[in-house]
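Asker: Predicted structure and sequence below. I'll ask about it afterward.
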Amino acid sequence: MSINQLLAKITKNWPVKAICFVLAAMIYFFHQISLLDVKTFSVPLEVRAEGNMIPVSGLEQVKYIRVKVRTKRDQIASIVEKDLTAFIDVSSQTKEGIYDFPVYVDLDEKIVQLDLEPLEIYNQPDNVKIQIQKKTTKAVPLYASVVGKPAHGYKALSAELEPSFVTLCGPASMVDSINKLPVGAVSIEGADGSISKIVSPVNTNSYISILGEKNSIRVSVPIVIEGTVKEFKSVPVVLVNLSSSLAVSGEAVKIDFSVEGNLLDIEKVSPADFNVFADCAFITEPGIYEVPVQIDAPGNLNISSQSFTVFVLNVVKSEQEEIPIEETETEKKSTSSAFKVPVLS
């Protein structure tokens with residue numbers, strides 16, 4: 001067949017053949033379209049700042065990027081949100097100011113290795129306007145937020161933090177304005193022993209990051225038994241070991257004293273629980289004497305103060321008018337000859 005004959009055969013009824021070709025192409029195109037599917041993701045916007053500049057404003061308006069992925073229907077199910085990373089890169093800028101930065105979308109390596117074909121990715125917005133500022137770092141002290149009250153009879157001492165400082169990184173104007181940073185709250189409600197808890201610093205500024213370990217701040221709150229002081233007034237002084245041939249002239253001796261110790265112990269005691277006495281064994285004849293007072297406190301309590309340590313006692317012979325010495329059975333037992341009081345000269 002000659003070339004002229006071939007051309008004549010091809011061009012014969014060419015309008016019909018052209019229409020058939022176009023229809024076939026359209027059918028193929030729409031068939032391919034029918035095999036594709038679109039999936040939309042909302043991806044957090046990240047910032048890459050390897051240089052000396054860092055965002056100071058603008059990110060609060062564009063926290064997420066809308067990303068559309070288009071590929072074959074049987075392949076699109078293999079793509080999930082965590083496979084996509086949306087970011088801007090401010091590393092190339094060296095001066096402070098406001099700039100339009102393009103938004104890039106990266107695919108996870110496992111998706112790249114699938115070699116999906118076709119694969120189309122669109123993002124909205126495709127650029128964001130961000131103000132950048134010089135980056136700086138600063139070490140700031142941490143402080144604990146202690147909430148609640150310990151059990152009755154206990155008190156909390158100052159919280160101890162380890163480490164007690166963290167390093168902040170961010171825009172100079174923001175970082176320089178921060179002098180201390182709180183950590184997560186530690187509850188001591190009802191505690192009767194020391195509390196220790198691992199918490200994180202509380203950073204509410206998205207433009208500032210905390211360098212190093214962010215979740216390893218140990219807060220220790222010592223819980224100790226609470227001490228207190230209680231005062232007792234007009235407690236009678238019991239005279240012991242006074243010879244039966246002698247008596248005391250004058251009013252009964254009463255003393256005020258204060259006791260210190262654990263709150264729980266002090267709440268349980270009354271004047272009857274104390275041995276308040278004066279040992280008169282050294283008195284052998286009538287006269288005026290200075291007699292020391294001794295106060296024995298129960299348990300772990302201590303006498304912190306008393307209104308006097310010695311008092312003047314007028315001793316007479318028992319046949320004279322006298323004030324009898326009264327002792328309860330308990331006082332007689334507690335003030336036996338086992339008590340030894342030094343004689344004052």
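Answerer: Perfect, I can see it now. Numbers count the residues shown, from 1 in each chain.

Asker: what about the residue lying closest to Phe165 once chain neighbours are set aside, distance to Met174?
Answerer: If the residues on either side of it in the chain are set aside, Phe165 comes closest to Ala139, at 5.0 Å by CB to CB, 6 or more residues apart in numbering. The C-beta positions use only the backbone N, C-alpha and C, and glycine is treated the same way. Distance, Ala139 to Met174, by CB to CB, to the nearest Å: 15 Å.

Asker: just to revisit the earlier point, partners of the residue nearest to Phe165 in the sheet?
Answerer: Beta bridges link Ala139 to Thr167 when assigned by DSSP bridges.

Asker: check contacts around it.
Answerer: Phe165, Val166, Thr167, Leu168 (CB atoms under 8 Å, 6 or more residues apart in numbering).

Asker: Which members of those residues are the farthest-apart pair?
Answerer: When CB to CB is used, the two most widely separated members of those are Phe165 and Leu168, lying 10.1 Å apart.

Asker: of the two, who's got more company?
Answerer: A direct count of neighbours by other CB atoms under 10 Å for Phe165 and Leu168 places Leu168 higher, at 21 against 11.

Asker: surely that one meets Val175?
Answerer: Yes - applying CB atoms under 8 Å as the test, Leu168 and Val175 come out as touching, 5.2 Å apart.

Asker: Now for those two: what residues contact both?
Answerer: Looking at what touches both Leu168 and Val175 (by CB under 8 Å, 6+ apart), the common residues are Thr137, Lys138, Ile208.

Asker: So the closest residue to the last one other than its chain neighbours: helix, strand or coil?
Answerer: Across the structure, with CB to CB, 6+ apart as the measure, the residue nearest Ile208 apart from its sequence neighbours is Gly170 (3.6 Å). Per DSSP: H, G, I helix; E, B strand; the rest coil, the secondary structure class of Gly170 is strand.

Asker: Likewise for Phe282?
Answerer: Three-state call for Phe282 (three-state DSSP): coil.

Asker: can you check Leu264 too?
Answerer: helix.

Asker: That one: what's it in contact with?
Answerer: Taking CB under 8 Å, 6+ apart as the test, what Leu264 contacts is His152, Gly153, Ile225.

Asker: so what pLDDT did Pro298 get?
Answerer: Note for Pro298: predicted pLDDT of 94.

Asker: Count the residues that sit near it.
Answerer: The number of residues packed near Pro298 is 13, by other CB under 10 Å.

Asker: residue contacts, it?
Answerer: Under the criterion of CB under 8 Å, 6+ apart, the neighbours of Pro298 are Val269, Asp273, Phe274.

Asker: same thing but 6 Å
Answerer: Residues in contact with Pro298, defined by CB atoms under 6 Å, 6 or more residues apart in numbering, are Asp273.

Asker: Alright, I will stop here.
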